[in-house]
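Undergrad: 3D, please:
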Amino acid sequence: MRNLFITLVLFVSLGVAAQSSRLGEAQGSVNKESLDLLNKVSAIYNKSTGTQIELKIKFLDNRTGLGADATGTLKTAGRKFALTTTFATMIYDGTSLTVYDKKSNEITISSPTGDEAASVDPTAIMSMFKEGYKISAPEKDPSNSDLTVIKLYPEDRQADASMIEVTINTTTNTPVKIATYGKNGVENSVELTKVEVNKQFPDETFEFDLKKHKSAILVDLR
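TA: This is a model prediction of the structure:
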């Protein structure tokens, strides 16, 4: 489940990693055309006051053949986000992260810092691309000329993922799919089925109401 959450957050913060042109200058393995496309995607999200995305999530373990599907809604405003799926809810208010696992009826609250924040903070996650990823040349999707695929490869041999694949609609400059391929044979993919920008969300959108889950097991790690 943790990998699925990370993949979802990667979607929203896609362009943040591409904001610095120094990325292309620092690494010869970064394709300029791909970097420019990521910058265009970044501009749309950076200008949005709030973004709401409808998602389709897929998980597949190639070792066992087991998989799972889910749907969800992701709302973001700045560095805050609220993710609601059929299996869990995750809310990050910029300081505290609350995760509610519906199946176990357990709520975990933490205050991510450093490396921990890199797993939940959109800005922190995408800044990883500035220092540790090779970015391939863009490839046209053979089934749809409007779609372009960019592949990112971690330079750290100890990284869990062997590749991150981002599919972008070049007509609208919006990401439509992101997939992560783990070295352990696990694949996670998220498809954006609907994107709305410049949304206004009330403050409570990024607040988790514990009173609505009185019977849940609470684990406070702050």
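Undergrad: starting at the chain centroid, how far to the longest helix seen in the chain?
TA: Once the chain is assigned using DSSP state H, the helix that runs over the most residues is helix 32-47. Between the centre of helix 32-47 and the centre of its host chain there is 16 Å, according to C-alpha atoms, centre = their mean, to the nearest Å.
Undergrad: put the alpha carbons of stretch 68-80 into PDB.
TA: The C-alpha atoms that make up stretch 68-80 are tabulated as PDB, following Å, rounded to 0.1, in the frame of the first residue of the first chain:
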ATOM      1  CA  ALA A  68      -5.600  -5.400  -7.100                       C
ATOM      2  CA  ASP A  69      -7.500  -2.500  -8.600                       C
ATOM      3  CA  ALA A  70      -8.900   0.600  -6.800                       C
ATOM      4  CA  THR A  71     -10.200   4.000  -7.600                       C
ATOM      5  CA  GLY A  72      -9.600   7.200  -5.700                       C
ATOM      6  CA  THR A  73      -9.700  11.000  -5.600                       C
ATOM      7  CA  LEU A  74      -6.700  13.200  -4.900                       C
ATOM      8  CA  LYS A  75      -7.000  16.800  -3.900                       C
ATOM      9  CA  THR A  76      -4.000  19.100  -3.600                       C
ATOM     10  CA  ALA A  77      -3.300  22.700  -2.600                       C
ATOM     11  CA  GLY A  78       0.300  23.700  -2.300                       C
ATOM     12  CA  ARG A  79       2.100  21.000  -0.400                       C
ATOM     13  CA  LYS A  80      -1.100  19.800   1.300                       C
END
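Undergrad: re earlier: next secondary structure after the longest helix of the chain?
TA: strand 51-61 (DSSP states H and E).
Undergrad: I figured Pro112 was touching Val99, is that so?
TA: No: look at Pro112 against Val99 with C-beta atoms under 8 Å: they stay out of range, at 11.0 Å. From N, CA and C alone the C-beta is placed, and that goes for glycine too.
Undergrad: between the two, tell me which one has more neighbours.
TA: Set Pro112 next to Val99 and count neighbours by other C-beta atoms under 10 Å: Val99 wins out with 21 against 17.
Undergrad: backbone dihedrals for that one, please?
TA: Backbone dihedrals for Val99, given as degrees, to the nearest 10, come out at phi -120, psi 120.
Undergrad: that one contacts Thr89, correct?
TA: Yes: A contact is recorded between Val99 and Thr89 when judged using C-beta under 8 Å, the distance being 7.3 Å.
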